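Asks: need coordinates for the below:
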Amino acid sequence: MTAVPQASVAAPRARRARAGHRLDLLPVSMRPGRGARIAAIVVLVIACLYFLVPVYWLVVASTKSNADLAGTFGFWFAQPNLAANYESLMSWTHGLFWRWVGNSLLYSTVAGAAGTLLSVMAGYAIAKFRFPGKRIAVGVIMGGMLLPVALLTVPLYLEFHALGLVNTIWAVIIPSAVSPFGVFLGMVYAQSSVPTELLEAARIDGANEARIFFTIVLRLLAPAMVTIFLFIFVATWNNFLLPLLMVSSPDLKPVTLGLYGMISYFAPAKGAVMLGALLGVLPLIVLFFALQRYWRAGMAAGAVKG
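Replies: Model prediction:
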């Protein structure tokens, strides 16, 4: 028999001991009972299935034809039809599918980068400066968080049509770069993570406000910036109504609008549409897992107001 290393046995025991120690630190009245722990695990499992089952079904459906989708068990793979579905996807989109994915990447990346910089600049200014109308500005930002984006789409279209920017990339990028939630998160994070004493010391040393912001403040706000970037990136990628009104040229469509045009045909190849949706969501999955650590740090810091 092979000997089990003592370290591999001791590590799980140590983790369980630390978890039990943390529970022992709580008052008796606050310690969760056995039923509460079981209920929490059940709720977490249900939530996990709620989010993962649609992704699994999307992967399964991308391997099927229309006949397979109607005649086979929904949660199991059919005969491999990925190559046929990919050819159908390219045929239905006239070879523009990857162009649409590139457009979505362009819109989301530029809007995310510009919106992140604008959000942290505005949030830092509101958190660390005094100026007339500050409370009004905060109220307007809070009101902007309550307004649904669809409510603003038609007024935005009228404005951009008057400016002659309809059917350009700027008609999608500029509105997407404005994020009231990003400003709010930048404001809260700046209040808790940017020491006023550090700013005063930099001013005494002769640094101007622009230098202080770009050399000191941006580094302190990095976790919040990653979180804001992810929110704007995902919102821009998933936006449908704005590009539907703003963009009419096939070469400028994002992937969401392009797939909508494909599914609106009579009797489309649904497996090909599912494959397109799967390929279209992969960049979001890769980006989220790459920035997951920073995203969680930014959300945790933004949840605590200093």
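Asks: where does pLDDT dip in the stretch 151-300 of the chain?
Replies: Along the stretch 151-300 of the chain, the model assigns pLDDT under 70 to residues 266, 294-300.
Asks: no no, the stretch 1-150 of the chain
Replies: Residue ranges of the stretch 1-150 of the chain with pLDDT under 70: 1-32, 71-74, 78-80.
Asks: the host helix or strand of Ala36: which residues count as buried?
Replies: If you go by DSSP states H and E, Ala36 is part of helix 34-61. Counting neighbours by 16 or more other Cβ atoms under 10 Å, one finds that the buried residues in helix 34-61 are 60-61. Backbone N, C-alpha and C define where each C-beta goes, glycine included.
Asks: which other helices and strands contact the following helix or strand past it?
Replies: Using DSSP H and E, the helix or strand that follows helix 34-61 in sequence is helix 66-71. Under the contact definition 3 or more Cβ pairs under 8 Å, 6 or more residues apart in numbering; DSSP states H and E, helix 66-71 sits against helix 270-290.
Asks: got the CA coordinates for the helix it packs on in CSV?
Replies: C-alpha atoms of helix 270-290 as CSV (Å, rounded to 0.1, in the frame of the first residue of the first chain):
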residue,chain,number,x,y,z
LYS,A,270,-31.8,27.0,-35.1
GLY,A,271,-28.7,24.9,-34.3
ALA,A,272,-26.6,27.3,-36.3
VAL,A,273,-28.1,30.2,-34.4
MET,A,274,-27.3,28.4,-31.1
LEU,A,275,-23.8,27.9,-32.3
GLY,A,276,-23.5,31.5,-33.1
ALA,A,277,-24.8,32.5,-29.7
LEU,A,278,-22.3,30.1,-28.1
LEU,A,279,-19.4,31.5,-30.1
GLY,A,280,-20.6,35.0,-29.4
VAL,A,281,-20.6,34.6,-25.6
LEU,A,282,-17.2,33.0,-25.4
PRO,A,283,-15.3,36.3,-25.2
LEU,A,284,-17.4,37.3,-22.2
ILE,A,285,-16.6,34.1,-20.4
VAL,A,286,-12.9,34.4,-21.1
LEU,A,287,-12.8,38.0,-20.0
PHE,A,288,-14.8,37.3,-16.8
PHE,A,289,-12.5,34.4,-15.7
ALA,A,290,-9.4,36.5,-16.6
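Asks: got the angle between that helix and helix 34-61?
Replies: Computed by axes from the mean of the first three to the mean of the last three Cα atoms, to 10 degrees, the angle separating helix 270-290 from helix 34-61 equals 130 degrees.
Asks: can you name every helix or strand that the lengthiest helix in the chain contacts?
Replies: Longest helix of the chain, by residue count under DSSP state H: helix 97-128. If you count contacts as 3+ Cβ pairs under 8 Å, 6+ apart, helix 97-128 packs onto helix 134-146, helix 170-176, helix 180-193, helix 222-238, helix 255-263, helix 270-290.
Asks: give me the buried positions along it.
Replies: 97, 99-101, 103-112, 114-128.
Asks: sorry, back to before: the helices and strands packed on helix 97-128: which one's closest to Trp76?
Replies: With Cβ to Cβ as the criterion, Trp76 lies closest to helix 270-290 of those, at 14.2 Å.
Asks: surely Leu279 touches Thr93?
Replies: No - Leu279 lies out of contact with Thr93 (Cβ atoms under 8 Å); the separation is 11.3 Å.
Asks: neighbour count winner among these two?
Replies: Taking other Cβ atoms under 10 Å, Leu279 and Thr93 do not tie; Thr93 has more neighbours (21 against 17).
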